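predicted model follows, preceded by the sequence.
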Amino acid sequence: MADPLHQFQIVKIVDLPDPTLPIVGTVDLAFTNSHLAMTIAFAVVVLFLTAVTSGAKVVPGRLQAVGETLFGMIDNMTDSIIGHDGRKYFPFVFAVFMFILGMNMLGMFLTFTATSQLAVTATFGLITFGLVVVIGIVKNGAGFLKLFWPTGAPLVMRPIVGLIEFFSFLLRPLTLTLRLFGNMMGGHIALKVFAGFVVSMGALAAGGGLGLLGLPGAALSLGMVTGLTALEFLVAFLQAFVFAVLTCIYLNDVVNLGHGH
């Protein structure tokens, strides 16, 4: 049975000259299968949005209806979670959602899933966290620190609760990173394992004799592959959606700091 982790291996497609940088040293540059998957995802998302927005009709077709549904879903999300300022941050949330969704879905058809790489999900997590911090400081100044001083808690408990809130805030990029990475990697490993069982049991049954006992196992494994495939398509969408929801929640914390919307 093939190694289920082999599908996550980074492979160089085009090797590039390796520059030497101060402190860092020599950097190994290459165009890899990970870059290719992200490039294809970006191209597919751009082409999809172009097709949806160009020649839009009053009565939408199927493709336009899908695009408008995704657009309206994220627009309603930013408005309901962030409030009246939500429209300002809609482009970022929508771009992140669509790019992650594109990579997740393409991973169901390609041999490589970009969001199963920790470096990719960590980049999204750090970009989102950095944006939240910058907006919080620019919008609130020193008042940004109120985020770590819970006025609803008893005065004697505020330093302790505030410290917990501070460390919880620092863990946000980690939780964004690991949730997306773990779900995408775990699902694809499970698919690979059960697919391997189908091949192994089928090969055993092909030998005839007692090997025919492998047929029920192959059939069961095939059923699991079918069910997991359907589940993985759902997970691919849900993980992009959850990332967008958490991004809106974190933005709401700093945009509406100290007051509701």
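On my side now, so go ahead.

how about low-confidence regions in the chain?
1-2, 208-211, 258-261 (pLDDT under 70).

what's near enough to touch residue 101?
By Cβ atoms under 8 Å, 6 or more residues apart in numbering, residue 101 lies in contact with 45, 236, 237, 240. Yep, even glycine has a C-beta here, placed from its N, CA and C like the rest.

doesn't it lie inside a helix?
Yes. Inclusion of residue 101 in a helix is indicated when DSSP: H, G, I helix; E, B strand; the rest coil is applied.

before we move on, the earlier item: make JSON lines from the contacts of residue 101 and add secondary structure to it.
Putting these into JSON lines (three-state DSSP) gives the following:
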{"residue": "45", "secondary structure": "helix"}
{"residue": "236", "secondary structure": "helix"}
{"residue": "237", "secondary structure": "helix"}
{"residue": "240", "secondary structure": "helix"}
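
just how off-centre is stretch 222-239 within its chain?
16 Å (Cα atoms, centre = their mean, to the nearest Å).

next, the buried residues of it.
222, 224, 225, 228, 232, 235, 236, 237, 239 (16 or more other Cβ atoms under 10 Å).

which of those fall in helices?
Under the assignment DSSP state H, the buried residues of stretch 222-239 contribute 222, 224, 225, 228, 232, 235, 236, 237, 239 to helices.

SS state for the nearest residue to the fifth one once chain neighbours are set aside?
To tie it back to what came earlier, the one meant is residue 232. Leaving aside its sequence neighbours, residue 232 sits nearest to residue 187 (Cβ to Cβ, 6 or more residues apart in numbering; 4.7 Å). Secondary structure state of residue 187, per three-state DSSP, is helix.

circling back: closest to residue 145 among the contacts of residue 101?
residue 240 (32.1 Å; Cβ to Cβ).

ok, and what's touching the helix or strand in which residue 169 is found?
Using DSSP states H and E, residue 169 falls within helix 158-170. For helix 158-170, contacts defined as Cβ under 8 Å, 6+ apart pick out 147, 148, 149, 150, 151, 153.

in it, what counts as buried?
158, 162, 165, 169.

gap between stretch 214-231 and the chain center?
Stretch 214-231 has its C-alpha centroid displaced from the chain centroid by 26 Å (Cα atoms, centre = their mean).
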